[in-house]
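Enquirer: Give me a model of this one.
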Amino acid sequence: MKTIALKRFSFIVFILLTLNFFINYCFTINLIVTPSVVSNSLDNITINWSGVTQPNEKDFVAIYVPSINFFNNENNWIGYILLNNSNNWKSGSGSIQIPLVNAREDYIFALWTSGGTQRTAISNSVTFINFNEPLQAHLQRTKSPTEMRLIWITAEQLSPPIVQFGVSKNELSFTAQGQSVTYNISLMCDAPANSPDHFFSPGYIHEVLLTGLVPSKQYFYRFGGKVISSSIIVWSDLQQFYSAPQLGSSVEIFVFGDLGVQMPFQTKIDQQGPSIKTTRNIRQVMDQKPNQPWLVIHIGDISYARGYAFVWEWFFAQIEPIATQAPWMVAIGNHEFDWPGQTWKPNWTDYGTDSGGECGVAYDRRFHMPGSDSASSDPQLTTRNLWYSFDHGAIHFIIMSSEHDFTVNSSQWNFINSDLSSVDHSITPWIVFSGHRPMYTSSDHSEEADLIEHMRQAIEPLLLKYHVDVCLWAHIHKYERTCGMYDFKCADKDEDAPVHVVIGNAGNTFQSDWETTNNHQYQPDWIIFRTENYGFSQIEANLTHFRFTTYGDQRGELHDEFILLK
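Expert: Sure, this is the predicted structure:
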């Protein structure tokens with residue numbers, strides 16, 4: 001009897017499942033994504049749906065990568081697109097096109113209806129022809145104008161990673177080989193980065209150093225290599241860059257902070273909408289002056305991944321058209337590093353959880369700045385990307401970490417003191433000092449007042465002693481320029497003391513108020529110009545002139561300018 005009952009029960013379950021499938025997929029709701037196999041990263045896919053009987057403006061399609069995330073937790077999507085982005089969504093059918101990044105994993109999509117409360121359809125899986133498509137390429141300066149470093153990613157290890165390059169696009173006569181690194185979830189130090197829901201493999205990060213370059217010369221290149229597991233050889237498209245300028249020569253440089261990324265769908269975490277215009281405007285300037293050895297300096301708060309690994313994929317896709325032509329130099333910010341267990345955390349700092357548990361590891365592995373490879377106080381990092389310096393044309397750049405010990409006689413302070421004392425002003429007459437958190441701001445950041453004061457006491461005397469010309473900061477998502485100043489007092493001329501410029505207005509839209517008195521905002525005497533508009537800044541310098549300009553994103557128009565003379 002039990003056997004008969006079990007068979008009847010199984011038959012009923014089978015009938016119900018079959019009926020459910022028949023209703024959902026034949027008569028009611030369908031979700032199909034085409035193509036199911038995508039050729040290249042950022043190619044468009046089309047999301048098609050039909051059969052929604054009671055369309056609601058809150059209905060959406062959720063995006064999952066890796067696709068296994070859906071089966072583990074259907075609420076763990078990386079992003080979503082509202083159906084009302086389609087013109088005919090009210091009919092219950094529609095389609096939406098978006099570009100898709102090759103994240104080296106399959107995607108799957110799900111339809112959520114009844115105001116986004118019920119998951120009612122699942123799409124086919126979507127994959128890429130080649131998970132080893134060479135992507136996320138970005139150039140990096142070294143200390144020598146005859147070198148250039150290139151970093152990119154594939155899913156699997158290459159043996160070895162190779163860059164072919166030359167002065168003619170038809171003859172890549174030089175070859176350089178490099179090495180690969182990666183990182184895994186065990187190196188993440190806090191949530192959400194150390195959760196399997198939000199971490200997925202970054203693939204292998206390949207790094208190749210090009211040497212023997214002629215300064216300020218155009219080079220063409222491609223990058224790739226043999227995939228170890230299959231012996232298939234993969235290559236990128238042909239790219240080009242101008243090598244670094246000769247020391248002492250004139251240069252043009254882009255500078256900004258707090259860029260982030262804007263994806264073509266909504267996410268559960270904040271995105272940085274203005275970053276799209278900022279990167280587009282920078283690219284337009286580069287296109288107008290194609291024969292330049294351009295350089296980008298991004299002063300902290302890079303991608304705003306904050307422990308959500310997929311964000312890095314879209315960030316590098318957004319900057320790659322620039323970073324394959326101009327070295328992309330970075331400083332560490334609170335959103336790359338800060339976490340509760342960081343080793344240096346005096347009670348006068350406000351370091352928190354802003355890295356989302358990445359604790360600097362993703363930043364450290366994905367970039368290679370020309371600093372020392374010596375160990376830092378945090379065992380998972382070296383100091384190479386924390387504090388470093390290099391010469392670019394007529395400018396000596398020095399970058400600090402506002403997230404690590406900068407007090408007098410610390411390793412970082414000793415580096416800054418030694419580096420500034422050895423600058424050859426006859427070759428690089430201009431010194432530009434940078435760090436993420438600002439030494440001066442007229443915005444209300446009272447929670448950081450103690451940290452800023454300690455940094456000012458430790459670092460500012462060095463800036464004056466060694467004749468630093470300009471200090472660039474970020475963290476505050478605005479633009480602020482001071483007079484040439486020391487200890488809140490303007491010098492007679494801007495050339496007599498460092499000019500401080502906050503340039504954190506490239507993308508992040510979170511705004512703190514200006515400082516107020518009796519409910520009135522005031523502009524301190526030492527602030528020459530300030531604005532909340534988003535944009536980017538440029539430096540043009542030669543041996544005698546230093547011109548700094550900032551441009552708004554709306555029309556790319558000039559908002560502020562100052563000139564220093566030697």
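
Enquirer: give me the low-pLDDT residue ranges for the protein?
Expert: Scanning the chain with the threshold set as pLDDT under 70 gives 1-27.

Enquirer: same thing but 90
Expert: Applying pLDDT under 90 to the chain flags the ranges 1-28, 373-382, 444-447, 511-522, 554-556.

Enquirer: Could I get the full set of helices for it?
Expert: Under the criterion DSSP state H, the chain contains helices at 2-22, 68-72, 274-288, 310-323, 334-337, 361-366, 411-421, 449-465.

Enquirer: Go through these and name the closest to residue 298.
Expert: Proximity to residue 298 (Cβ to Cβ) singles out helix 310-323 among these, at 8.6 Å. Every C-beta, even on glycine, is put in place using the N, C-alpha and C of the backbone.

Enquirer: Distance check, the spatially most central residue of the chain against residue 528.
Expert: What sits nearest the mean C-alpha location of the chain, by Cα atoms, centre = their mean, is residue 303, with 3.1 Å. Separation of residue 303 from residue 528 (Cβ to Cβ, to the nearest Å): 31 Å.

Enquirer: do residue 148 as well
Expert: Note on residue 148: its distance to residue 528, by Cβ to Cβ, is 36 Å.

Enquirer: between those two, who's got more neighbours?
Expert: Between residue 148 and residue 528, residue 148 has the larger neighbour count (other Cβ atoms under 10 Å), namely 25 against 18.

Enquirer: in the sheet, who's paired with the more buried one?
Expert: residue 210 (DSSP bridges).

Enquirer: Would you confirm that it contacts residue 138?
Expert: No: between residue 148 and residue 138 there is no contact under Cβ atoms under 8 Å: 11.0 Å.

Enquirer: what sits in contact with each of these two?
Expert: Overlap of the contact sets of residue 148 and residue 138 (by Cβ atoms under 8 Å, 6 or more residues apart in numbering) consists of residue 327.

Enquirer: So residue 428 versus residue 392, what's the distance?
Expert: For residue 428, the distance to residue 392 equals 8 Å [Cβ to Cβ].

Enquirer: Same question for residue 224.
Expert: 28 Å.

Enquirer: more crowded one of those two?
Expert: Neighbours of residue 224 and residue 392, each counted by other Cβ under 10 Å, are more numerous for residue 392; the result is 25 against 20.

Enquirer: I figured that one hits residue 294, correct?
Expert: No: with contact defined as Cβ under 8 Å, residue 392 does not count as touching residue 294 (10.4 Å).

Enquirer: Look at residue 28 and say how many residues are nearby.
Expert: By the measure other Cβ under 10 Å, the count of residues near residue 28 is 17.

Enquirer: next one: residue 545
Expert: By other Cβ under 10 Å, the residues close to residue 545 number 14.

Enquirer: Could you do residue 142 as well?
Expert: Residue 142 has 18 neighbours, counted by other Cβ under 10 Å.

Enquirer: How about residue 369?
Expert: Residue 369: 22 surrounding residues under other Cβ under 10 Å.

Enquirer: tell me the contacts of it?
Expert: Contact analysis of residue 369 by Cβ under 8 Å, 6+ apart lists 140, 329, 330, 384, 385, 388, 399.

Enquirer: Please apply the same query to residue 109.
Expert: So residue 109 contacts 31, 33, 47, 61, 62, 63, 64, 122, 123, 126 (Cβ under 8 Å, 6+ apart).

Enquirer: now the last one, which residues is it bridged with?
Expert: The reference is to residue 126. Listed beta-bridge partners, residue 126: residue 107 (assigned using DSSP bridges).

Enquirer: Spit out the contact partners of the closest residue to residue 180 other than its chain neighbours.
Expert: Ranked by Cβ to Cβ, 6 or more residues apart in numbering and with sequence neighbours excluded, the top spatial neighbour of residue 180 is residue 204, at 4.5 Å. Contacts for residue 204 (Cβ under 8 Å, 6+ apart) come out as 153, 154, 155, 156, 157, 158, 180, 181, 182.

Enquirer: one more time with 7 Å
Expert: Contacts for residue 204 (Cβ atoms under 7 Å, 6 or more residues apart in numbering) come out as 153, 154, 156, 157, 158, 180, 182.

Enquirer: Most neighbours among those, which one?
Expert: When neighbours are counted by other Cβ under 10 Å, residue 154 leads these with 27 neighbours.

Enquirer: Distance of the residue nearest to that residue when sequence neighbours are not counted relative to residue 157?
Expert: Leaving aside its sequence neighbours, residue 154 sits nearest to residue 132 (Cβ to Cβ, 6+ apart; 4.3 Å). To residue 157, residue 132 is 10 Å away according to Cβ to Cβ.

Enquirer: Equivalent analysis for residue 46, please.
Expert: For residue 46, the distance to residue 157 (Cβ to Cβ) stands at 34 Å.

Enquirer: Equivalent analysis for residue 516, please.
Expert: Counting by Cβ to Cβ - residue 516 and residue 157 are separated by 56 Å.

Enquirer: likewise residue 164?
Expert: Remark: distance between residue 164 and residue 157 (Cβ to Cβ) = 19 Å.

Enquirer: what's the answer for residue 479, then?
Expert: Residue 479 sits 43 Å away from residue 157, going by Cβ to Cβ.

Enquirer: again, but for residue 537
Expert: From residue 537 across to residue 157, the span is 39 Å (Cβ to Cβ).

Enquirer: Now render the helices of the chain as TSV, adding mean neighbour count and distance to residue 373.
Expert: Output for these, formatted as TSV (neighbours: other Cβ atoms under 10 Å; distance: least, Cβ to Cβ, whole Å):
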stretch	mean neighbour count	distance to residue 373
helix 2-22	10	58
helix 68-72	17	36
helix 274-288	18	30
helix 310-323	22	22
helix 334-337	26	18
helix 361-366	23	11
helix 411-421	17	13
helix 449-465	16	24
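
Enquirer: Quick one: these as a markdown table, columns for distance to residue 378 too.
Expert: Below are these laid out as a markdown table (distance: least, Cβ to Cβ, whole Å):
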| stretch | distance to residue 378 |
| --- | --- |
| helix 2-22 | 53 |
| helix 68-72 | 30 |
| helix 274-288 | 28 |
| helix 310-323 | 20 |
| helix 334-337 | 8 |
| helix 361-366 | 9 |
| helix 411-421 | 12 |
| helix 449-465 | 18 |
